[in-house]
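S.K.: When you get a sec, could you give me coordinates for this:
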Amino acid sequence: MARRLRLHPMGGEVALAAACGAAVALLILAGMHKLGTTGGLFAPLALPLLLVLLANPLWMTTAVVGAIVVLEGPDFGLFSFGAGIYSHRTLLNVLVALVVLSVAIELVRARRRLWIPQALRIPLGLLLAAIAVGAITSHSSGVSFLTAIRAENVLIYLLLLPIAIANLDLEREQVVRMLQGWIALGALKGLLGVIEVAAHLGVPIEGQQTLTYYEPTANWIVMISMLAVLAAALSGYRPPLWMLVSAPLLVASLVLSYRRSFWIGSVLGAVLVAILALSPSRRRILIPAVVFIAAAFWLADSVNLEAESQSPTQSPIVHRIESLEPSKLTSNVEDRYRLDERANVLAAIGRNPIAGAGLFAEWSASTRPLPIEHEGGRLYVHFDALWFWFKLGILGLLAYLSLLAGTALLSWRVWHSGREPLTRAYGLACLCGVAGLAVIETTGSFTGVDTRFTILLAAQIGGLALLARRASTPDAAPAPAPAEVQPAWLRLPAR
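M.R.: Modelled structure (predicted):
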């Protein structure tokens, strides 16, 4: 009788180890081919790290949003090694998709139903319809549907990220740490911005100084963090010492950014925070709040985008403040350009106010001649509401306005119903920050246009929806899914 050949028990382990080694070697070779020697050597670490992050959507969200906040563009002199991430649209699409996928995996694993915040249903529905109209309009102009949809990727971030983050399952301690982390990130950005100016590594401004941040993302998180610290201090909550110490850094970073639209938005937000936090009656604050918002809109509309020549002894900050004088509105070529641009865009909208002109359309200088031309300038609009209207039609305008209104409503609910003092302060800061954002975006288009800013704002909206939902429901641990449907690699770590 023939003897059966039996493998030694160690033989299977050796074969498995050899297969894994071969797979790792192939992964290294592929990584070296695509990413270079250094990237190839670290490529095998990406897969297990990715699996760990997918198993915990909070970690995945924190990693992606944190990277977007921390990594600055090429104009920032400090730590600009990560600026290349923004030149690869596919990489950003993958990062956002991983956040959405990780939340979807948790919903399936825990057998929880997808929740869409009521305050965002109309805005996101309008945005989805506007995206479809934009793709159809662009296709009718000779652009393929695939190209049109790829061009709308930033708008898709605004559509998917708030829903994904709103469905995170967080406990009270995690919520507090999340808000503290937001303010800490703002303080870190403020500190790095001040160091940037002190080391003269930033973008030059007014011919003799450098600025902290020109891009809107860092200025926005610094602005909201500053408003949150102010709201916490005025509402009776005793902020930790590190928050109070960070306040001067936040203010200095905003001032030294020389972004006058953010100056106006920050001052408006701070005034509204003070009025809302200190007033015992909600009705009495309505008229002064409306007056301050209207004044901010009027002042933002008269902001000089570029400054005139100044005397060598004059401080850039003083010169920037003086340039806010409305009488200087038409004294600069860039200001005239902005006014002429607006007139031409309104004329272009008037020719097709319902469907819009499509994402690839350029407005023409048919109404007013331009004093100066900018490369790609006719694809851009220095007024976000008009950008949405021109590119996506009337549905785009309604989507933009309703998204701001929905964000303000969520902020109001968090402020009124939050269970922790810091949560209520953050809700008030976001409520007043939305009013400031509406003013800021009359001089520049960020929401739905700037990639980094849109990702951060979408994450912030989702976080507000999560806080509002938690404030309206009692604390209760969700029932875990049966063990047999939870693969080991999907199980969340014990809390």
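S.K.: So the closest residue to residue 443 other than its chain neighbours, which state does it fall into?
M.R.: Leaving aside its chain neighbours, residue 443 sits nearest to residue 261 (4.4 Å; criterion: C-beta to C-beta, 6 or more residues apart in numbering). All C-beta atoms are positioned from the backbone trio N, CA, C, and that covers glycine. Counting by DSSP: H, G, I helix; E, B strand; the rest coil, the backbone at residue 261 sits in helix.
S.K.: and residue 261, how many neighbours does it have?
M.R.: 23 (other C-beta atoms under 10 Å).
S.K.: And for residue 146?
M.R.: 10.
S.K.: ok so, going back, surely the residue nearest to residue 443 touches residue 439?
M.R.: Yes. Counting by C-beta atoms under 8 Å, residue 261 touches residue 439, with 7.3 Å between them.
S.K.: Which of the helices or strands spans the spatially most central residue of the chain?
M.R.: In the chain, the residue lying closest to the centroid (C-alpha atoms, centre = their mean) is residue 456, at 1.9 Å. Take DSSP states H and E as the rule and residue 456 turns out to sit in helix 451-472.
S.K.: What average pLDDT does that helix get?
M.R.: Mean pLDDT, helix 451-472: 91.
S.K.: tell me which strands and helices it is in contact with?
M.R.: Helix 451-472 is packed against helix 57-70, helix 89-110, helix 118-140, helix 153-166, helix 172-198, helix 216-234, helix 384-417, helix 421-440, with contacts defined by 3 or more C-beta pairs under 8 Å, 6 or more residues apart in numbering; DSSP states H and E.
S.K.: nearest to residue 462, of the ones you listed?
M.R.: helix 153-166 (2.8 Å; C-beta to C-beta).
S.K.: how far out from the middle of the chain is the closest one?
M.R.: Relative to the centre of its chain, helix 153-166 is centred 10 Å away, using C-alpha atoms, centre = their mean, to the nearest Å.
S.K.: Go through that helix and flag the buried ones.
M.R.: Neighbour-count burial for helix 153-166, counted by 16 or more other C-beta atoms under 10 Å, picks out 154-166.
S.K.: for those residues, which one is nearest residue 107?
M.R.: Checking the buried residues of helix 153-166 against residue 107 by C-beta to C-beta gives residue 164 as the nearest, at 9.6 Å.
S.K.: And that closest one, how far from residue 119?
M.R.: Separation of residue 164 from residue 119 (C-beta to C-beta, to the nearest Å) stands at 16 Å.
S.K.: can I assume residue 106 is in contact with residue 164?
M.R.: No. When contacts are counted by C-beta under 8 Å, residue 106 is not listed as touching residue 164 (10.0 Å).
S.K.: Now do the same contact list for the residue lying closest to residue 389 once chain neighbours are set aside.
M.R.: Spatial nearest neighbour of residue 389, excluding adjacent residues (C-beta to C-beta, 6+ apart): residue 397 at 4.0 Å. Listed by C-beta atoms under 8 Å, 6 or more residues apart in numbering, the contact partners of residue 397 are 385, 388-389.
S.K.: One more: residue 420?
M.R.: With contacts defined as C-beta under 8 Å, 6+ apart, residue 420 is in contact with 172, 175-176.
S.K.: Now tabulate those in JSON lines and tack on pLDDT.
M.R.: Formatted as JSON lines, the contacts of residue 420 follow (pLDDT from 0 to 100):
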{"residue": "172", "pLDDT": "80"}
{"residue": "175", "pLDDT": "84"}
{"residue": "176", "pLDDT": "84"}
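S.K.: so which of those residues is the most crowded?
M.R.: residue 175 leads the contacts of residue 420 on contacts (other C-beta under 10 Å) with 22 neighbours.
S.K.: What separation do you get for that one and residue 54?
M.R.: Taking C-beta to C-beta, one finds residue 175 at 22 Å from residue 54.
S.K.: Give me the nearest residue to residue 427, chain neighbours excluded.
M.R.: Once flanking residues are discounted, residue 427 sits nearest to residue 414: 3.0 Å by C-beta to C-beta, 6+ apart.
S.K.: isn't residue 446 right next to residue 453, touching?
M.R.: Yes. Using C-beta under 8 Å, residue 446 makes contact with residue 453 at a distance of 4.4 Å.
S.K.: ok so, going back, my read is that the residue nearest to residue 427 contacts residue 425, right?
M.R.: No. Using C-beta under 8 Å, residue 414 is not in contact with residue 425; the gap is 9.7 Å.
S.K.: Please identify every residue contacting each of the two.
M.R.: With C-beta under 8 Å, 6+ apart as the test, residue 414 and residue 425 reach no residue in common.
S.K.: if we can go back for a sec, between the buried residues of helix 153-166, which sits nearest residue 433?
M.R.: residue 162 (16.0 Å).
S.K.: how near is the closest one to residue 102?
M.R.: Taken as C-beta to C-beta, the span from residue 162 to residue 102 is 15 Å.
S.K.: Neighbour count for residue 446 and residue 453, which is higher?
M.R.: residue 453 (25 against 22).
S.K.: now the strands: where do they sit in the stretch 251-400 of the chain?
M.R.: Remark: strands of the stretch 251-400 of the chain are absent; assignment by DSSP state E, counting those that start in this stretch.
S.K.: which residues of it score low on pLDDT?
M.R.: 280-335 (pLDDT under 70).
S.K.: any idea how far the residue nearest to residue 389 lies from residue 133?
M.R.: Going from residue 397 to residue 133 by C-beta to C-beta gives 12 Å.
S.K.: next one: residue 387
M.R.: Distance from residue 387 to residue 133, by C-beta to C-beta: 15 Å.
S.K.: Now do the shared contacts for residue 106 and residue 164.
M.R.: Common neighbours of residue 106 and residue 164, counting by C-beta under 8 Å, 6+ apart, are residue 57.
S.K.: Report the buried residues of stretch 339-350.
M.R.: Neighbour counts over stretch 339-350 (16+ other C-beta under 10 Å) mark 340-342, 344-346, 348-349 as buried.
S.K.: Outside of it itself, list whatever touches it.
M.R.: Defining contact as C-beta under 8 Å, 6+ apart, one finds that stretch 339-350 is touched by 329-330, 356-357, 361, 363-371, 377, 381-383, 386, 389-390.
S.K.: isn't residue 258 right next to residue 213, touching?
M.R.: No. At 9.7 Å, residue 258 does not count as touching residue 213 under the criterion of C-beta under 8 Å.
S.K.: which one of the two has more residues nearby?
M.R.: residue 213 (30 against 23).
S.K.: Surely the more buried one is in a helix?
M.R.: No. Assessed by three-state DSSP, residue 213 does not belong to a helix; its assignment is coil.
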